[in-house]
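Trainee: mind looking at a prediction? Sequence and model below.
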Amino acid sequence: MPVHAFPNVTDTTSSTDIDSLSYVLTHKVITPYFQPIFDLLTGEIIGHEALSRGPAESRLHMPDTLFKAAISAGRLHELELLCREKSLQRFAELALPGKLFLNVSASLLSSANHQKGMTLALLKQLGIEQDRIVIELSEQQPYDSCGLTLASVEYYRKMGFSIAIDDLGVGYSGLRLWSDVQPGSVKIDKYFIHQIDKDPVKREFVRSIIAIAQSLHCDVIAEGIENLTELELLMELGVTRGQGFYLGRPDPNPQVFAHKQLAQRARRVSQHRNIDEGETVHSLCRTVPTVNSTDTLLTVSELLRDHPDLLSLPVLDQGIPKGVVRRHDLLELFSSQYGRALYETKPVSKLLKKDVLIVESFISLASVSKQLTQQAESALNHEIIIVQDGAFLGVGSLRDLLKRITDLKIHNATYANPLTLLPGSVPINREIDRRLHAAMDFHVAYFDLNDFKPFNDFYGYAKGDEVIQLLGRLIKHHLTSAENFLGHIGGDDFVVIFSCADWAERCRAVLAAFEEQVRDLYAPKELQEGGIWLENRAEQQQFFSLLSVAIGVVHPDSYACESYHEVVELAAEAKKQSKKMGGNALFISRRRKHRIIS
Ligand SMILES: Nc1nc2c(ncn2[C@@H]2O[C@H](COP(=O)(O)OP(=O)(O)OP(=O)(O)O)[C@@H](O)[C@H]2O)c(=O)[nH]1
């Protein structure tokens, strides 16, 4: 096709766009791009969303202008069908794995002349199974819940296609559409993902969507993930599927590889499960009897009679937990007049309670504890259902969770430094490993006093202890926060693991405060002289300035560092550099992985 045949691309008038559109439709010059959608837990591609582009270098290249032109020209359906045809053909040609997510507008679905058989015929011709197609219904246009649209959705579903709701949260009828259509998946609009780490309202929104989706057994896909911080936060919230520029851009010829960093993280998590199950909710897992939602309340009653220790039973549907049935609800129902006779043949679903926490087995105890405390107070007595890849594994109790967390705290106390009561090297190393295994983004700062030995020799160990305590106090004061971990390796060495963003300012605040407060520990004479004179090994007098602190900071690459050994080496190296700077100094290392010395 000669390029010059395409109308002038720089002209912005809509009549030109409409002419260009006619060209696009007549010559079928639509290029499908495919954006991967990943399983965030394994890094595997679960499918691609098809996105259409007009001719390169033209105003209609980007879908917004393309579809706007089609709407103004009254040719939207024609364009949509062309895009669908092209996407399916290219999907088959490229032999892409997994599902193909296709966008369909409400208006096309409700159009009376919508040729429903066309897609099916094309799929047959291309040899694509129907169950690989996911129809994405955009929430951006209003749906007519009782008219043609829903009937068409139903028609697609009967043909074996899955249904997803796209752009959830920004349109007209999100929850209503969700409830009417009962899709297999919902895609959270990128508006709610953008900078979610900085916006508690967006986090709450996503958390609520996950809760609804869990109870409706619907997958949640996060759209528009643009950086690692957003990805990590979404995973922490429990989102297991996602797409976005950070994971993979739309491409006409996509490379089909598992996402390297997600896959590495998954491997780490599975190794971590074996090494240190104590840290994850897996350690709380107990096997208990379960019931199906179709079982009768008589079955529940008999099971609870045989297991007097159980306050509830998990309710499953084909191995997937739906909620619980509780002893006190059953007793209340049966204790009414004729209650037992009236209700014992009724199905479990009558007493099914969904206000239960369902968590994947590799989630950390701290994260589960956080989720529980964020729930309503009335929900605090409730059980924790533990799943593996969504399938029921067992249950844990709040009591066991508290006990395990207390044990961990005792463990930290056991290894605490007696002078500062900060955790010692065992818990520090363990915490670094935990953050590496979870592929978290963190900085590690190594603090060390300069020329501490001469001070000790001059004033004695008791005064030396005071200096160490002063530094410990300042570190605690300036650096304590929920995301940071402070430790005291021993002697005058401290380590802080940061996840907060303002770590550099905080370190500088410690240096400034130390410079000022350490003066209180010197006698007036030495203070006046600005340091101490001490005889060295060669029996010569040597001058040592007032005590100062050297801080070396590293930003370990969680994917490149295998264990705390490498991180501690990196941090010690950075500390050496900061000592070379002299006085109170902060050195920020650019090295992110440890050099292997053969
Ligand atoms: N007062 C006191 N001194 C300690 C304690 N633990 C270790 N030390 C002493 O702290 C000093 C630490 O040694 P270094 O860090 O090598 O001494 P430094 O003079 O600061 O050397 P640079 O770090 O190279 O500047 C030694 O003199 C130890 O005996 C403690 O709990 N209390």
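Mentor: Received it, and whenever you're ready, just let me know what you need.

Trainee: helix/strand/coil for whichever residue of the stretch 51-200 of the chain sits closest to the ligand?
Mentor: Distances between the stretch 51-200 of the chain and the ligand by CB to the nearest ligand atom are smallest at residue 197, namely 37.3 Å. Using the backbone N, CA and C atoms, a C-beta is placed for each residue, glycine as well. Assigned with DSSP: H, G, I helix; E, B strand; the rest coil, residue 197 falls in the helix class.

Trainee: again, but for the one 10 residues further on
Mentor: With three-state DSSP as the basis, residue 207 sits in helix.

Trainee: tell me what the nearest residue to residue 254 once chain neighbours are set aside is bridged to.
Mentor: Nearest non-adjacent residue to residue 254, counting by CB to CB, 6 or more residues apart in numbering: residue 34, 4.8 Å away. With DSSP bridges as the criterion, residue 34 is bridged to residue 50, residue 251.

Trainee: if we can go back for a sec, contact partners for the residue of the stretch 51-200 of the chain closest to the ligand?
Mentor: 229, 230, 233 (CB atoms under 8 Å, 6 or more residues apart in numbering).

Trainee: what about the strands in the stretch 201-350 of the chain?
Mentor: With DSSP state E, counting those that start in this stretch, the ranges of strands along the stretch 201-350 of the chain come out as 219-222, 241-242, 291-292, 312-317, 320-326.

Trainee: list the helices and strands the second one packs on?
Mentor: Yep, that's strand 241-242 we're talking about. strand 31-39, strand 219-222 (3 or more CB pairs under 8 Å, 6 or more residues apart in numbering; DSSP states H and E).

Trainee: again, but for the first one
Mentor: The contact analysis (3+ CB pairs under 8 Å, 6+ apart) places strand 219-222 against strand 185-188, helix 200-216, strand 241-242.

Trainee: again with the fourth one
Mentor: Packed against strand 312-317, as judged by 3+ CB pairs under 8 Å, 6+ apart, are the following elements: strand 291-292, helix 297-306, strand 320-326, strand 391-396.

Trainee: return the set of buried residues in the second one.
Mentor: In terms of neighbour count (16 or more other CB atoms under 10 Å), helix 297-306 has its buried residues at 297, 299, 300, 301, 303, 304.

Trainee: quick one: residues in contact with stretch 585-598.
Mentor: Against stretch 585-598 from outside (CB under 8 Å, 6+ apart): 504, 507-508, 511, 548-557, 560-561, 565-567, 569-570, 573-575, 577-579, 581.

Trainee: just the buried ones from those?
Mentor: For the contacts of stretch 585-598, buried by 16+ other CB under 10 Å: 507, 511, 548-557, 561, 566-567, 570, 573-575, 578-579.

Trainee: restricted to strands, list those residues.
Mentor: 548, 549, 550, 551, 552, 553, 554 (DSSP state E).

Trainee: and of those, the nearest to the ligand?
Mentor: Out of these, the member with the shortest distance to the ligand (by CB to the nearest ligand atom) is residue 550, at 7.6 Å.

Trainee: and that closest one, what pLDDT?
Mentor: On the pLDDT scale, residue 550 is placed at 98.

Trainee: for residue 558, what are its contacts?
Mentor: 435, 436, 438, 439, 440, 441, 442.

Trainee: near the ligand too, which of the residues you listed?
Mentor: Filtering the contacts of residue 558 for proximity to the ligand by CB under 6 Å from any ligand atom leaves nothing.

Trainee: make a PyMOL selection of the buried ones in those.
Mentor: The PyMOL command for the buried members of the contacts of residue 558 (criterion: 16+ other CB under 10 Å) is given here:
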select buried, resi 435+436+438+439+440+442
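
Trainee: could you redo the contacts of residue 558 as JSON lines and give each row distance to residue 465 and secondary structure?
Mentor: Shown next, in JSON lines, are the contacts of residue 558 (distance: CB to CB, whole Å; DSSP: H, G, I helix; E, B strand; the rest coil):
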{"residue": "435", "distance to residue 465": "31", "secondary structure": "helix"}
{"residue": "436", "distance to residue 465": "33", "secondary structure": "helix"}
{"residue": "438", "distance to residue 465": "36", "secondary structure": "coil"}
{"residue": "439", "distance to residue 465": "39", "secondary structure": "coil"}
{"residue": "440", "distance to residue 465": "34", "secondary structure": "coil"}
{"residue": "441", "distance to residue 465": "36", "secondary structure": "coil"}
{"residue": "442", "distance to residue 465": "30", "secondary structure": "coil"}
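
Trainee: and for the residue nearest to residue 254, the neighbour number?
Mentor: Per other CB atoms under 10 Å, the neighbour tally for residue 34 reads 24.

Trainee: surely it is in contact with residue 53?
Mentor: No: when contacts are counted by CB atoms under 8 Å, residue 34 is not listed as touching residue 53 (11.2 Å).

Trainee: find residues that contact each of the two.
Mentor: Common neighbours of residue 34 and residue 53 (CB under 8 Å, 6+ apart) are residue 252.

Trainee: for this structure, which residue gets nearest to the ligand?
Mentor: residue 464 (2.5 Å).

Trainee: helix, strand or coil for that residue?
Mentor: helix.

Trainee: which residues sit in contact with it?
Mentor: Neighbours of residue 464 in contact, by CB under 8 Å, 6+ apart: 452, 455, 456.

Trainee: per-residue pLDDT, the residue nearest the centre of the chain?
Mentor: Centre of the chain computed as the mean C-alpha position; nearest residue by CA atoms, centre = their mean is residue 235, 1.7 Å away. Here the pLDDT value assigned to residue 235 is 83.

Trainee: dump the residue contacts of it.
Mentor: residue 40.

Trainee: number the residues from 250 up from this point.
Mentor: Shifting the count to begin at 250 puts that one at residue 484.

Trainee: so who does residue 666 touch?
Mentor: Residue 666 neighbours (CB under 8 Å, 6+ apart): 672, 673, 737, 738, 739.

Trainee: let me redo that: residue 312
Mentor: 300, 301, 302.

Trainee: quick one: the first one from residue 512, how far?
Mentor: When distance is defined by CB to CB, to the nearest Å, residue 300 is 25 Å away from residue 512.

Trainee: got it, and the last one?
Mentor: When CB to CB is the yardstick, residue 302 and residue 512 sit 29 Å from each other.

Trainee: looking at these two, which is more packed in?
Mentor: It is residue 302, of residue 302 and residue 512, that has more neighbours when counted by other CB under 10 Å, with 19 against 16.

Trainee: chain neighbours aside, what residue packs nearest to the more buried one?
Mentor: Using CB to CB, 6+ apart, the nearest residue to residue 302 is residue 280, at 4.9 Å.

Trainee: which bits of the stretch 700-847 of the chain sit near the ligand?
Mentor: 700, 701, 702, 705, 710, 713, 714, 717, 740, 741.

Trainee: my read: the first one touches residue 791, true?
Mentor: What that stands for is residue 700. No: counting by CB under 8 Å, residue 700 stays clear of residue 791, with 9.8 Å between them.

Trainee: which one's more surrounded, those two?
Mentor: Shown here are residue 700 and residue 791; by other CB under 10 Å, residue 700 has more neighbours (17 against 13).

Trainee: coming back round to it: just put the contacts of residue 446 in TSV and tack on distance to the ligand and neighbour count.
Mentor: Output for these, formatted as TSV (distance: CB to the nearest ligand atom, whole Å; neighbours: other CB atoms under 10 Å):
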residue	distance to the ligand	neighbour count
478	35	16
479	40	23
482	39	20
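
Trainee: returning to that earlier point: lowest average confidence across the helices and strands packed on strand 468-471, which one?
Mentor: Among the helices and strands packed on strand 468-471, helix 449-465 scores lowest, at a mean of 84.

Trainee: not counting its own residues, what contacts that one?
Mentor: Under CB under 8 Å, 6+ apart, the answer for helix 449-465 is 417-418, 427, 431, 435, 437, 441-442, 444-445, 467-469, 471, 482-483, 486-488, 571-572, 603, 607.

Trainee: and that helix, C-alpha only, in PDB?
Mentor: What follows is helix 449-465, C-alpha atoms only, in PDB (Å, rounded to 0.1, in the frame of the first residue of the first chain):
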ATOM      1  CA  PRO A 449      -4.600   5.700  51.000                       C
ATOM      2  CA  VAL A 450      -8.100   6.200  49.400                       C
ATOM      3  CA  LYS A 451      -7.000   4.300  46.300                       C
ATOM      4  CA  ARG A 452      -5.600   1.500  48.500                       C
ATOM      5  CA  GLU A 453      -8.900   1.300  50.300                       C
ATOM      6  CA  PHE A 454     -10.700   1.100  47.000                       C
ATOM      7  CA  VAL A 455      -8.500  -1.700  45.700                       C
ATOM      8  CA  ARG A 456      -8.800  -3.500  49.000                       C
ATOM      9  CA  SER A 457     -12.600  -3.400  48.800                       C
ATOM     10  CA  ILE A 458     -12.600  -4.700  45.200                       C
ATOM     11  CA  ILE A 459     -10.400  -7.600  46.300                       C
ATOM     12  CA  ALA A 460     -12.800  -8.400  49.100                       C
ATOM     13  CA  ILE A 461     -15.800  -8.400  46.800                       C
ATOM     14  CA  ALA A 462     -14.000 -10.400  44.200                       C
ATOM     15  CA  GLN A 463     -12.900 -12.900  46.700                       C
ATOM     16  CA  SER A 464     -16.400 -13.600  47.800                       C
ATOM     17  CA  LEU A 465     -17.700 -13.700  44.200                       C
END
